[in-house]
Structure formats: structure tokens, C-alpha cells
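S.K.: coords below, sequence missing:
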């Protein structure tokens, strides 16, 4: 029996789930709201973790940041799995087309060798830094509190993995597997890369999820992305005729523009919550951004030479202006 | 003898894939259930990219299987050309 | 040097290695123990993380592409379902109870798995393992969300769905699944992988998703079929990860075998008990049934699980300790749990009912050695009470198992007429269990299980047994969410709306 | 056995008697009468006499069983913690040694209406 259900008009009993009606009123909820708010267990947690019996399974006390409601840390992009995945699939189509364009037209081979080497030397070791970022965001997602704050972090972690893989492909395209091996050797032993590697390893031993968020997503990424993908790739390399490289890193440029809106929104709400939060954030950002700037200086020198110092200084000033808008002064 | 299996959603995209699996695995048994096709085979089942491409007339990446895959049983070994399910004999 | 001439074509395995495995490095500024502080305390010895085999070698580009395609298909169907009153296509309003169990008990489990895999995706020291776990972490939040989105439209028209978030933390039958996931998450990373990655995903989720989703298809519920099969397509990767992880542990060091075997014994039994709810969904809550719990157990438990343990025998693994008891319980559990749900239905955010003659004939055919002998007399007596206007309500509430948290509805493995009574005393406190399996789990780690939050005792400790207050506390609306399906608001609405759809009056 | 943990792991029992407002939990189960899906959970003061427990909540709860009205409480066989045991009806639960979360069982060998179909 086929029923023509479209002809039936019936009144719903309610518009949404109770926990969403309590937050937003009894009106149809968005899929972001349905998929994010209050979906983490909150009460009657059964057992203490064996990996740290001083913690609860979901614990607000493992960070110095204090929130009355962790669900206040809304993602302005309103990403849930589906919107996130569709957005990245579209970007992946573009990136794929860019790689095919560069490869099929032999643009990589047309790069002046010096520029190609600069691109390889600056970019390919960064795949290891991106891997560190993946680890850090996975930790924030795992131990942070409340899906609204933590789900963007697993998306961010997968993005970091994607970026590490795009950088690997870039290395393979411009320099084959030898480029990857050389980059790893540089990451491990070249003095140029040691301050940054040390920075990354220092973040990997942090256990306060919000401090990890600051050290990685705010401080390091906030300086690294505009410096490397904006200033070095899009400006410096392109101006000398290596715009093919910029095609291969377009994902990173677009991604940083998109994700920093989320990062800023989180900072803004957390800082507005209390003076204590603001003070903690201020200390963290000041300390980690100063370290990030000095760790990135030798990296910038690979491409910019003597101009690197000024470039990093300008990025740091730009970073301060950006952070200022979230209500935090450094 | 143990049974390995793969289950795929029953739809237009999987019809030629299932045919390809039948061609490569004459010993397999195809069970059609609501919305799902489950293919059982003793100990071993091999899915070949080439055979699927012959059925659908276009290039096929074996990882496309994930879109319509429901479940499987057996140790998985995947390379560019084949996906093999097996139990130790 | 001409790069182009020397460029190598990388195969899938090699490409995956350079794109993923090679991203990690040996730390120089901190020790591995500082970076991965939870990797060793469980006693699992790993000598070489590079021996980890990645079963499916998905890089992020492929992941985004294929998952986006699945998402587009899924939401197209969910949108159409909502726009076209798809809920009226289901065979009968009774079917909704199965969906209510799903949303209250299983979807929160998906979210817990998401959190757990995020944690182990950070805690394992090997890159291959980390990436595999992270992909599972992001898949699991997908499952929680697709389930909530698929069932959201049902919530608008039917009772019992609206308070799933409250019910997750407070409702008595939901603590069964909650405590299972809490148990896994409070364990170390290796045990978590055995619990969720291996026992739950590999040995048990086929039983949850495959026959039950075929059942949803039989019952006209395309929304559920879609989220079920769409989720299960990720599970194929997850199951393979679980199997890979267990093989990896067993290959790394012979000392790992007894630890792994102990976890298998524990988690097989924990998982089997959680699936008790699914047995009831399959045998009682699907108006049109695709196969019985017993038949599903034959295919996915005995045949598939048997093949798996035969395969693992080469490492010295034997089938889990509770295997024989599980086999014996399979002909009883769905009846025992449904009888419980029915007599406590004043306290459930779902409806239950007395099986019809036709249902009982089916149950008797599917369970020829047990249904008529043990369960039909009880149902017929309950039906007689209802006919006399004395619906059977058991206000005695229930003794719960300290480990699995189910009401102790189960009988002795070899005597279906005798309730299973197991108790022990630990540090001067009495604890009760539903089975030898659950008692063993407790006795191996008593300091863990004494902490269990048991909802029935809590009703007395916190609310002095006041059922009305308790209903407010769990957001259960008396007379709407609970009780017998017959005479319920859900029944009235479903039949009325369906009437509108099939006639011109 | 001990719990494998990164540091000392001590659990706090959630259902200690002190949490029950001066009362206690008692479980009661009627052997071979599985119409009642699980043993009953009773909430009682330790000073309550055994007779009050039996003639009050227990008698009320067993009524839905066709054998419920036929129980002769003076004839039933009792077990406590699965061991044969004889209660004193006039004394309190505490004096009968029924502690918090103890389970009592009772047997009525002659009453078998719903036990097993022929």
C-alpha cells in the first residue's frame, strides 16, 4: 500500500528536545544545536579513571579556565560532522584541482631551483609541526569539557592531519621522497628547526586542555600561518615567480582565515566570563606567543634572510591587534 | 573452515560490484536481505578492482567501496588492486 | 638533476606510510613517557610501534570525499522523511519503542566512544594507531549526530524521545549502556581498545546494527535504516581496527596474552549484557520481524565470533569465558527483559505491551524449546490480569546487578526456573550480581565497581522512593511517555494520523 | 585483585547504609515465581519487625501471582544470603541479622501454578 503522506497535515506535539527547549525555547532547533548541546554525559558518572583517579571522567577542574556553562563556547561556523565534512570535501576538490593543474602543466619543473629549494626547506618540515597540532587538538577534544567546545577540536585535528598530508604531497611533487627524508632530518637535527621542534614537544606535555588550545591554536598557529603561508608563500615566493607553490598551499591560507574566527570566538567568550579567566589567558598568550615568535624566526630566515626579523615583528604586532579584539591585552 | 563475509547496501551503485564479486568468487553465496546484500564465502573472498571496472565501464578506486559498505568479517588486506578477506586456515 | 625522470610511483601502502606514519618522530626534548604517560601502566608491552598494520589506508583527502558522499545521501533521505511525514510509513506505533531505546541508550554511547577514541588517539605512542583512533573518534560523533538528527522528527510527533539527554544520566535502564562506556573510558588505552574496538565493534555491533537495521527496513523506517547502514559502513573500518589492535598486542610480546585474554573475558560478557536490550528490540519491539535474536546470534555470534576466535587461536587466545553461558542465555534473555520492561513500564520512557497471539506464535516457533514452556504461561497470566482490569505493575522495583546494572532478570544457565542469585561481601558491604560473568568482573577490580551509581538504590537514597518526584527528576511525563502501548497517546495519534493519510475523511 | 592504575586507586562505595536516611535496603525473592522479573527491592527501617515486612510490602507485592493469595507464611522455607535460615517474625530486621542490602529468599514447594508449562 502506497500512502500519499504529503497530503496529511498534522500538528507536532513539540518542536524540539527538552534540553534544547530549556536553552533556546520550544522552537525547531538547528542541526548544529541538536548535534552539540548537552550531548556529553553530565551526571552520575560511574567510575574514576584508572589513568588518573584524581579526575572525573569528564572534568571541568583539569583546566585553569572556569566557565559557568561550557556550552557558551559556541563555534561561529556551527560545524557539526556533516557541515564540516561537506566544507572540507569542497576544499579538497579545489586542492586536488590545484595539484593536478601544477602537475599536469609541469609547473613544478619550471620553478627556479633556488625557489623550489626554499619552498621545500620551509614547508616540508612543517608537516611534523602539523602533526604536533593534530596531537594537541586530539587531546583538547578528548579531555576538554562539553561538545560545543570540543567537537571543533577533533575537526581541527583532522584538518591538521590533512595539512600534514598536503605538505607531504607538496614535498613529493617538488622533490620526491628524498625531500621528505631531508625535511625529517632537518626537523630532527638542523639547528634552524630546533626551537620550533622544542616548542611543539613542550606543548605535547601539557595536560590543561585550554592551555593546549592557547599554545597551539592561538599562539603558534596565529603566527605561523600568516608568516609562512601569507608572507613567505603568497607574497615572497609568488612575487619571484613561484605562484605554483601558492596554489599548493591555498588550502592552508583559506583554512586559517576560516578557523581563526572560531579560535577568536572561543577566546572572546572565555575572557568575558571573568577577570580570572582573562588574566590566565593573557599570561598564557603572552608567554606562548613570545616563544612562538622566536621559534619561527630561524624558519623565516630560510626564505627572508635578514628581513625575517622585521617580518616576524610585524606578524607579532598584527597578532596582538587580533587578540586585542577578543578583549585580551598582551 | 570459517566464513568470511562482506555486506553492501542494496542499490544501483553496488549491483555491478556484487556481480564482480560473484565472478571472482564462484564459491561465494549471495544472500539478499532487506536493503542489504550479504556475501559469504568459506575462508577467503577477493574483491578485484579490475573486475569491478569491467562491470561498470569506468575507473574505480577500491576505497569507493566504503560508501556502500555495511559490514565485513575476516582479516582485511587491501592494496591498489585487491581487497582480500580471509581467516587463517 | 631532473626530478621528473626519477619520480617514483608510490603504491597505496607506501603512499600511506609516507603521508601518515612518517609524520611522527622520536622526541628529543621530552621523554616518550612524558608525552605518552598512560601507555604502560596496564602492563602491555610494545617493542615496536612500527609493526602496527594499517588495515584501511585512508588519507584525509579520501576520507573527506567518501564521507561527504555518505553525508549527502543520508541527509537527503532524512530531509525527505521529515517533509513527507515519513514516520507514518512505519508498520506500527509499537516500533517506536525500539527507536526510543536507541536514542536514550545507544546514541549517548556513540558520543562516549567519540570521546574515548579522542583520548586514545592521543595516548598511543604510534602514529598509525593514533590516526586510526582519531578517524574513529570523528566517525563516532558522526554516529551520535546522525542518530539524533534522524530521530528528531519522531520526537516532534511522539512521546518518549524528548528527554533523552536527561534520561541518559538518570533513567534506570540507560545506566546499563552508560556504565559500559564509563567502564571502558575509565580504563587505560589498551583496555579501551579491547572493550570498544574489539569486543563491542568486532564481536557485537553486527548484532546491533545489521539485523536490527534490516528490521527497520522491514518496518518501513527509512530514516533509521539510513543512519544504521551509513554508520555501519564506518564500523567496517572500526571492526578492522579492533581486530588489528588485538593482533598487534598479541604479536608484540607473549606476556600480553594473559592480560588480553582477561580483557576479552570481561568485555565479551559486559557487551553481551548490554546487547540484552537489543535482543528485546528484535524479538518484541519490531512489529514485522526479520529474524529472531537467536537467529542473529547464530550468524553474527556463533558463526562470525566462532571464526574470529578460531583465527586468534594461533596466538593462544581461547573463546571468552562467558561464551557457553551466553549461548545458553540466548533463548531466554529477550523474554526475561521484556517481561521486566512490561511490569516496570510505569517507570520507562517507552511503551511496552503484551504480545498478541500472533506474536506469541512467532516467538514459540523461533524459541521452540523455551517460549511455550517458560514464558507463554507468564504472558497469558499477565493478559488475564489486564482483561480483568488489573494491569500488572510490579512496584517492588528491582535488584540490580552491581556490574552490568541490569535488573537481575536472568536465570541459572542450566535451570531456567531458578533466578540467578550471586552475592559477595567486599570491605563489609554486600554486592549482588546477575551472573558468574558479572561477579568475576567485579571481583577482578572491586575498587572500581563499588563506585557504580545504581539508579534503583539512588531513588531511595536521594528521593526516599517517591516515584512522582523521581518522574520529574528523569523528565518522564506520567501518562504520556510510560505504560502500556495500548491506550497510549502514541497509539491514538499514530492511528489517527495514519487514518488521515489513508482515507478522505 | 587490585585495579591497574597510574596511582593508588581507592573507590568510594555509593550505596553505603549511611546514605539511606536511617533506613536500609532489603532484597526479597520468591523462588520459582518468575512472573516477578527480578528480586524485589524493599526500603525499610532496621527496627521494622520481620512480620511487618512480610505482612506489609511483601504480601502486597506477591498478589499478582496466581499463587500469591495462597502463601502460608508460617510454612515457607527461608534463605538468607542463599543459606537456609529461620526468621523470628516478632523481632526486628536488625535483630534477625538482616543488614543493608541483604537478600532473603522464600520457597513454597507446593505452589507452582505458573512454574513450567507441561
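M.R.: Happy to help now that I have it. Everything numeric here is computed off the predicted structure, so don't read it as measured data. Numbering: from 1, shown residues only, chains lettered A, B, ... in the order given.

S.K.: Show me where chain D has its helices.
M.R.: Applying DSSP state H to chain D gives helices spanning D:50-53, D:59-62.

S.K.: With respect to burial, which of these scores highest?
M.R.: Comparing those by mean neighbour count (mean count of other C-beta atoms under 10 Å in any protein chain shown), helix D:50-53 ranks first with a mean of 18. Backbone N, C-alpha and C define where each C-beta goes, glycine included.

S.K.: any idea how far residue C:188 is from residue D:8?
M.R.: Distance, residue C:188 to residue D:8, using C-beta to C-beta, to the nearest Å: 16 Å.

S.K.: what's the closest of the helices of chain D to residue A:243?
M.R.: When those are compared by C-beta to C-beta, helix D:59-62 sits nearest residue A:243, at 82.1 Å.

S.K.: Residue C:473: which of the helices of chain D is closest?
M.R.: Nearest to residue C:473, of all the helices of chain D, is helix D:59-62, at 23.7 Å by C-beta to C-beta.

S.K.: neighbouring contacts of that closest one?
M.R.: Helix D:59-62 has contacts (C-beta atoms under 8 Å, 6 or more residues apart in numbering or on different chains) with C:394, C:395, C:396, D:30, D:33, D:36, D:40, D:68, D:71, D:73.

S.K.: next one: stretch A:91-103
M.R.: Under the criterion C-beta under 8 Å, 6+ apart, residues A:107-108, A:162, A:166, A:169, A:173, A:244, A:247-248, A:250-251, A:254-255, C:60-61, C:64-65 lie in contact with stretch A:91-103.

S.K.: So which of the residues you listed are in helices?
M.R.: The members of the contacts of stretch A:91-103 that map onto helices under DSSP H are A:107-108, A:162, A:166, A:169, A:173, A:244, A:247-248, A:250-251, A:254-255, C:60-61, C:64-65.

S.K.: Could you pick out the buried ones from the residues you listed?
M.R.: The neighbour-count test (16 or more other C-beta atoms under 10 Å in any protein chain shown) marks A:107-108, A:162, A:166, A:169, A:173, A:244, A:247-248, A:250-251, A:255, C:60-61, C:64-65 as buried among the ones in helices among the contacts of stretch A:91-103.

S.K.: can you tell me the residue of chain A closest to chain B?
M.R.: Nearest residue of chain A to chain B: residue A:89, at 12.5 Å (C-beta to the nearest C-beta).

S.K.: In three-state terms, label that residue for me.
M.R.: Under DSSP: H, G, I helix; E, B strand; the rest coil, residue A:89 falls in the helix class.

S.K.: Contacts only, for it.
M.R.: Contacts for residue A:89 (C-beta under 8 Å, 6+ apart) come out as C:64, C:65, C:67, C:68, C:69.

S.K.: Next, work out how far apart the second one and residue B:19 are.
M.R.: The gap separating residue C:65 from residue B:19 is 25 Å, by C-beta to C-beta.

S.K.: same check, this time on residue C:492
M.R.: Distance from residue C:492 to residue B:19, counting by C-beta to C-beta: 48 Å.

S.K.: Remind me which helix or strand the closest residue to chain B within chain C belongs to.
M.R.: Residue nearest to chain B within chain C (C-beta to the nearest C-beta): residue C:307, separated by 3.3 Å. Following DSSP states H and E, one finds residue C:307 within helix C:306-312.

S.K.: give me the residue from chain B nearest chain C.
M.R.: The nearest approach of chain B to chain C comes at residue B:2, 3.3 Å away (C-beta to the nearest C-beta).

S.K.: What sits closest to that residue if chain neighbours are left out?
M.R.: residue C:307 (3.3 Å; C-beta to C-beta, 6 or more residues apart in numbering or on different chains).

S.K.: The one you found: neighbouring residues, count only.
M.R.: Neighbours of residue C:307 under the rule other C-beta atoms under 10 Å in any protein chain shown: 20.

S.K.: about what we covered before: Serialize the contacts of residue A:89 to JSON lines and add fields for distance to chain D.
M.R.: Formatted as JSON lines, the contacts of residue A:89 follow (distance: C-beta to the nearest C-beta, whole Å):
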{"residue": "C:64", "distance to chain D": "36"}
{"residue": "C:65", "distance to chain D": "40"}
{"residue": "C:67", "distance to chain D": "35"}
{"residue": "C:68", "distance to chain D": "40"}
{"residue": "C:69", "distance to chain D": "42"}
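
S.K.: right, and the helix or strand after the helix or strand of chain A with the lowest mean pLDDT?
M.R.: Here the helix or strand of chain A ranked lowest by mean pLDDT, DSSP states H and E is helix A:107-110, holding a mean of 91. Per DSSP H and E, the first helix or strand lying C-terminal to helix A:107-110 is helix A:113-123.

S.K.: Show me the strands in chain B, by range?
M.R.: For chain B, the strands defined by DSSP state E occupy B:3-9, B:29-33, B:36-42, B:44-48, B:69-73, B:75-78, B:82-86.

S.K.: Against residue C:52, how distant is the residue nearest to residue A:169 when sequence neighbours are not counted?
M.R.: Leaving out its chain neighbours, the residue that sits closest to residue A:169 by C-beta to C-beta, 6+ apart is residue A:99, at 6.5 Å. From residue A:99 over to residue C:52 the distance is 28 Å, taken as C-beta to C-beta.

S.K.: do the same with residue C:143
M.R.: 25 Å.
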